[in-house]
Structures are given as C-alpha cells and as structure tokens.
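Student: Return atomic coordinates for the entry below.
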Amino acid sequence: MPHFACNLDRARAPLCHVWNHTVGSGRAALALRADWQRQMLRAHEELGIRHVRFHGILCDDMGTYLIERDKDVYSFFNADQRSSIF
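Tutor: Okay, the predicted model is just below:
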C-alpha cells in the first residue's frame, strides 16, 4: 500500500480558497434557463460569486451530440454559452 506523508509545519504558501467564490448548481442544462441565469447574475452582483460548478456538460440534454440525416453532428453551442455566465 502506498505511503503518504504530509508535514504541515513546512507550509510555504497559503492555500487559495477558490471555493469561497463558487456555487454548485446541479446539471449544466439548468444554466440554459433564463430564471437560472438571472439568479446566478444576482448571486454574482450581491455575493461576489465568480464561478459556478455543475455536471453533465456533455450530456444529451445539452445537445452536444446529435444525429441529423444519418450523420453525427457535434455542437458545443450550449456549453460555450454557459462558460461565460458572468
């Protein structure tokens, strides 16, 4: 079994707490809704939220992969739109 050792007395720099400015939001498809976008914008303005964490960015409900006229079609339109919420 691998051995892991951590000497906390030798910390060299403070840990960046990016989670202080992050909110979790469930599935990525929620970000396509106008009410969700308004809520996240308000959280950004009033609370300083800078990042939104979600899952399922490549799931079917995001429309990333489609079959049209028997051809594979890849579209990252919805994912690209959600990467720039603020």
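Student: In the protein, what residue spans correspond to strands?
Tutor: 22-27, 51-55, 65-68, 71-74 (DSSP state E).
Student: nearest to residue 40, of the ones you listed?
Tutor: Nearest of the strands of the chain to residue 40, taken as C-beta to C-beta: strand 51-55 at 6.0 Å. C-beta coordinates here come from the backbone N, C-alpha and C atoms, glycine included.
Student: mind checking how far the closest one is from the chain centre?
Tutor: Put simply, strand 51-55 sits 3 Å off its chain's centre (C-alpha atoms, centre = their mean, to the nearest Å).
Student: what bridges to the residue nearest the centre of the chain?
Tutor: Centroid check for the chain by C-alpha atoms, centre = their mean gives residue 53 as the closest residue, at 3.4 Å. Beta-bridge partners recorded for residue 53 (DSSP bridges): residue 24.
Student: residues in contact with it?
Tutor: Under the criterion of C-beta atoms under 8 Å, 6 or more residues apart in numbering, the contact list for residue 53 reads 22-25.
Student: Please pick the buried ones from those.
Tutor: Taking 16 or more other C-beta atoms under 10 Å as the criterion, what is buried in those is 23, 25.
Student: between the contacts of residue 53, which is nearest residue 14?
Tutor: Nearest to residue 14 out of the contacts of residue 53 is residue 22 (C-beta to C-beta; 17.5 Å).
Student: Spatially nearest residue to the closest one, not counting backbone neighbours?
Tutor: residue 51 (4.2 Å; C-beta to C-beta, 6 or more residues apart in numbering).
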